[in-house]
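> This is a predicted model, with the sequence first.
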Amino acid sequence: MSKVMGAVNRKDGRAKVTGNATYAAEHQIPGLLHGYLVTASIGSGQIKSIDTSQAEKAKGVVAVFTHKNPPKIFKPSNNFISSKIYEARLPLSDAQVHYGGQIIGLVVADTFEQAKHAAHLVKVEYETQSPLTEFQKATFKEAPPFMGEELKFEKGNVATVNNAAVKIEATYTTTTELNAPMEPHAIIAQWQGADALTIYEPTQWVMGSQRTYAELFGLPAERVRIITPYLGGGFGSKAMPWPHGILCAAVARHLQRPVKVVLSRRQMTVNAGHRSETEQTIGLAAAADGKLMAIAHDVKSSTSPVDTFTEPCTRVTPVMYSAPNLRYAQELAIMNVGTPTFMRAPGENPGMWALESAMDELAWSLKLDPVELRLRNQTQEHQHQNLPFSAKHFTDCLKVGAERFGWKDRSRQVRSLLRDGQLVGWGMAGATFPALQGVATVKVRLLPDSTVHVLTAGNDMGTGAYTMVAGVAAETLGVSVEKVRVEMGDSQLPDGGMAGGSMMTASLAPAVIKACQDVLKSADCNDATDAWAALRQSGRAAFEATATSAPPEGEKKWAFQSWGAHFCEVTVDEEIGRLQITRWLSVMDIGRVMNAKTAASQVRGGVIMGIGQALMEECLLDPNIGYPVVYDLATYHFPSHADIPRIDVVFVGEPDLNFNLAGARGVGEIGITGVSAVIANAVYHATGKRIRSLPLTPEKLMADFRALTADETRDAQEMKELIASNKSHERVAGHSQNV
Ligand code: MOS
């Protein structure tokens, strides 16, 4: 078995760049009506009156729905097994307004423009309360378990550690971030009579959506068909129905006409989830040799009044570093905001921002190399689950990364490197994400025209799943990848699990391998070439086999987790607060790599998204109406090409065969973890400024130089003089090229 499979080009690449890939909202349906949402303009209160008469009279309008005439929707069990919706409160269920931008109506018309125009003619009077939108003013209570996992733990006793050589404690914050996928949230709902429903909607979980819409409308699951061949990103925000989708399907049934609803970019800032604001306090105590004696991690995050979502930051605490005394806890506050949700590495992303920043602070306090500090403290077991990791090559990530980056040449002082009049800094941090696997079924058919057809309802959210499936089938059958046709993302195909939690590859790849092996066995052949010959002789239309993969059964022997290390170089121009990332290296241990090209692309995508979080993403709310002041992709800043350096990605590639027979652990989310910490750590090295609140905006970079010790201040003074005299290039490090 090869460690890293070859770089296969995307199967869906051509369709996407030529516009032949049909996304949900692009499906052409005869007689289609268009729905436009009416949303609340207050952050908290009650609707006193709602007047739809003008809207109803407007040209093209077919119907207007509000809480006065809500379409029929059944309450789902909402337990993740039978069904799951993002926001437990059903749309239009009463006159209450819980957050700014909450859906309070839907106007349906012949055209999109008519519906939008009429939506603005709906007159609403409110009884207004002042919304709670400021995190600092919220009241926090203990957070419930996250999907069954306790977010509270203690071993040893952190409070009694008093013989440490160094102790640090610091608080790190992140702001509200938006998933902001390139393809907006959209749905077309088409009923065949009153008891069969077809949905075109980007969903990361085809069969989960099928079960959920079925429950919402009192139907058996097989009466609902979900069609999602392509998604333009989702990052966790497209796994389940949101209120707009539920409402669209409900009014389509009521009207017995197909209806489409597309969220505007402005609506997507409140109606399709976000990453909660977080505040994390980390305490670390270490002996003089760097061995950790205690870790304490306390987290606060926010949720909405109508559902509970906890950003599970403490999931990283028991897996990264070993300490005899370790404690963590999470608190949650209800604020008047839309419901937060999963966003690429929920928990691990902000969790690693705090933990990996704190580890850097500790390394400076100990005067110890941060790579060395991590090597000395890594843990071989999950300290909460008390299980050894199935395979862990974090050491390789650190060592290979340090070697390739040239880390040994890093100066040990802050403000000690200059290039072209700008401060230069190097940073590093770890990365991690759990390895999950779902139950997935795949059908493989060998056809007489010497092709292979692989079918599954599991889908490709833009990550490269089509290509991965084709590559695995080709390898197992011994054919070229061009011979393999893959069909995904339709609930009429076998249940392929969820494209979430970085588990699509780990779920599908073993099922593909098994189904391919079974089809050869049933043909009594060793490879596909023989099987095709036998097939033609037999006169049959196809040889086919269906196989299911499942997570390891029985007594839990292992904890499954992926690992990585990022290294970066930044330059900082303090005069104007400009931060540029000039060099990047990520070394990842994700088990076996199923496609070198798309896997590296997932890491790069994660790093780019992390750079966005580190430098610019921030969804600020208007405190009066509780509505975001950002409203599109121009006001919500994220990186463009000019902000991104070349990103080198290296894989360890050791197959994790304790996990599944493909040895693959998945790669969708790990790339974003640790990214903001690496950058902040590099900024500290460059400037001596320890910035503990994201994003690292120009005003923070330009701020006074407060965080310095006496020695560092002397260095800084010397540096200032050097900059002034423009002789700075003499102290420039040599590593300005990509490795
Ligand atoms: Mo992911 S946040 O499970 O799409």
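Good, I have the coordinates.
> ok, and the residue in the stretch 101-250 of the chain that the ligand sits nearest to, which helix or strand is that part of?
In the stretch 101-250 of the chain, the residue that lies nearest the ligand is residue 236 (2.6 Å; CB to the nearest ligand atom). The C-beta positions use only the backbone N, C-alpha and C, and glycine is treated the same way. Using DSSP states H and E, residue 236 sits in no helix or strand.
> In space, what's closest to it - neighbours in sequence excluded?
Spatial nearest neighbour of residue 236, excluding adjacent residues (CB to CB, 6 or more residues apart in numbering): residue 342 at 3.0 Å.
> who are the neighbours in contact with the one you found?
If you count contacts by CB atoms under 8 Å, 6 or more residues apart in numbering, residue 342 has them with 235, 236, 237, 239, 273, 500.
> JSON lines for those residues, including distance to residue 77?
JSON lines is the format used below for those (distance: CB to CB, whole Å):
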{"residue": "235", "distance to residue 77": "26"}
{"residue": "236", "distance to residue 77": "22"}
{"residue": "237", "distance to residue 77": "22"}
{"residue": "239", "distance to residue 77": "17"}
{"residue": "273", "distance to residue 77": "21"}
{"residue": "500", "distance to residue 77": "20"}
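> Same list (the residues you listed) but as JSON lines, adding pLDDT.
Shown next, in JSON lines, are these (pLDDT from 0 to 100):
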{"residue": "235", "pLDDT": "98"}
{"residue": "236", "pLDDT": "98"}
{"residue": "237", "pLDDT": "98"}
{"residue": "239", "pLDDT": "97"}
{"residue": "273", "pLDDT": "98"}
{"residue": "500", "pLDDT": "96"}
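> Weed out the non-buried ones from those.
Buried by 16 or more other CB atoms under 10 Å: 235, 236, 237, 239, 273, 500, out of the contacts of residue 342.
> for the second one, phi and psi?
Backbone torsions of residue 236, given as degrees, to the nearest 10, read phi 110, psi -10.
> Next one, pLDDT for the spatially most central residue of the chain please.
For the chain, the residue nearest the mean C-alpha position is residue 344 (1.0 Å; CA atoms, centre = their mean). pLDDT, residue 344: 98.
> Flag every residue of the protein that's near the ligand.
Within the chain, the positions near the ligand by CB under 6 Å from any ligand atom are 204, 234, 235, 236, 342, 343, 344, 346, 500, 501.
> let's see 5 Å
236, 342, 500, 501 (CB under 5 Å from any ligand atom).
> Where strands are concerned, which of these count?
Of these, none are assigned to strands by DSSP state E.
> Next, please give the residue ranges for the strands of the stretch 1-150 of the chain.
33-39, 45-51, 61-66, 96-97, 103-109, 123-128, 141-142 (DSSP state E, counting those that start in this stretch).
> Looking at those strands, spot the one closest to residue 397.
Residue 397 lies closest to strand 141-142 among those, at 34.5 Å (CB to CB).
> average pLDDT across the closest one?
98.
> what's it in contact with?
Outside strand 141-142, the residues touching it (CB under 8 Å, 6+ apart) are 152, 329, 330, 331, 332, 333.
> next one: stretch 106-113
Applying CB under 8 Å, 6+ apart, the set of residues contacting stretch 106-113 from outside is 33-38, 55, 58, 60-65, 92, 115-116, 118-119, 122, 247-248, 251, 255, 259, 261-262.
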